[in-house]
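K.L.:
Mind folding the following:
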Amino acid sequence: MKKKTMSYVMTGALSFTILSSVPSSPAQAASPQLTKIQTAPSVARAGTKKFTDVIAAQAAEYGLHIEGDDLETAAKKVRMAKLQSLAEKLNINTDGKTEKALRLEVKETHKTAVYKAADRFGIETDGQRTKEIIAAIAKVNGAAAEQLNGFY
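P.N.:
Predicted coordinates for the structure are as follows:
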């Protein structure tokens, strides 16, 4: 009975030591305890833009009127305008397509264009991601990579 009681007491004491902030070694006792204020100082960033300003600038770039729209609706309009612009550059018909379907078609068409360019320059594509292939194309022909790099 005494052994069982003693093991409970020791287990409790060990648990208390582990869970508390009491240092268990002399090295920990010598080091100062850091507080949240010391570990995460406030960072003031100069030149950061608000998301609303970025969306407004992009909407103006694409000629969209977003006055009176909430931020989510405005962002959706800008995203769709960007996607339609990319589709237009890749000669994809956008009539009646949802955003998801159009995004998938743009991605696949871009991927096909990257693989064709890689074949044209004799670049191996097996097991490589699209971005890696574009980087390899850039080493051979920077202008071709510049045209392919603007999509994703």
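K.L.:
so where is the protein shaky, pLDDT-wise?
P.N.:
By pLDDT under 70, the weakly predicted segments of the chain are 1-2, 13-47, 150-152.
K.L.:
all helices of it, in order?
P.N.:
Listed in chain order, the helices found in the chain under DSSP state H are 2-19, 26-30, 36-39, 51-62, 71-89, 99-120, 130-140, 142-149.
K.L.:
Rebuild the ones you listed as TSV, extending it with mean neighbour count.
P.N.:
The way it works is simple: take the backbone N, C-alpha and C, and place the C-beta from them, glycine included. Formatted as TSV, these follow (neighbours: other Cβ atoms under 10 Å):
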stretch	mean neighbour count
helix 2-19	9
helix 26-30	9
helix 36-39	8
helix 51-62	14
helix 71-89	16
helix 99-120	15
helix 130-140	16
helix 142-149	14
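K.L.:
How is the protein partitioned into domains?
P.N.:
Structural domains assigned to the chain are 49-89, 95-152, following automatic domain parsing.
K.L.:
Save these as TSV, and put in distance to M6 too.
P.N.:
Below are the domains of the chain laid out as TSV (distance: least, Cβ to Cβ, whole Å):
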stretch	distance to M6
domain 49-89	61
domain 95-152	61
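K.L.:
quick one: which of those domains is nearest K4?
P.N.:
domain 95-152 (60.4 Å; Cβ to Cβ).
K.L.:
Report the distance from the closest one to the chain centre.
P.N.:
On the basis of Cα atoms, centre = their mean, to the nearest Å, domain 95-152 sits 19 Å off its chain's mean C-alpha point.
K.L.:
and if you look at stretch 72-81?
P.N.:
Stretch 72-81 has its C-alpha centroid displaced from the chain centroid by 19 Å (Cα atoms, centre = their mean).
K.L.:
The domains of the chain: which one's closest to S7?
P.N.:
domain 95-152 (56.1 Å).
K.L.:
can you tell me how far V54 sits from K116?
P.N.:
V54 sits 34 Å away from K116, going by Cβ to Cβ, to the nearest Å.
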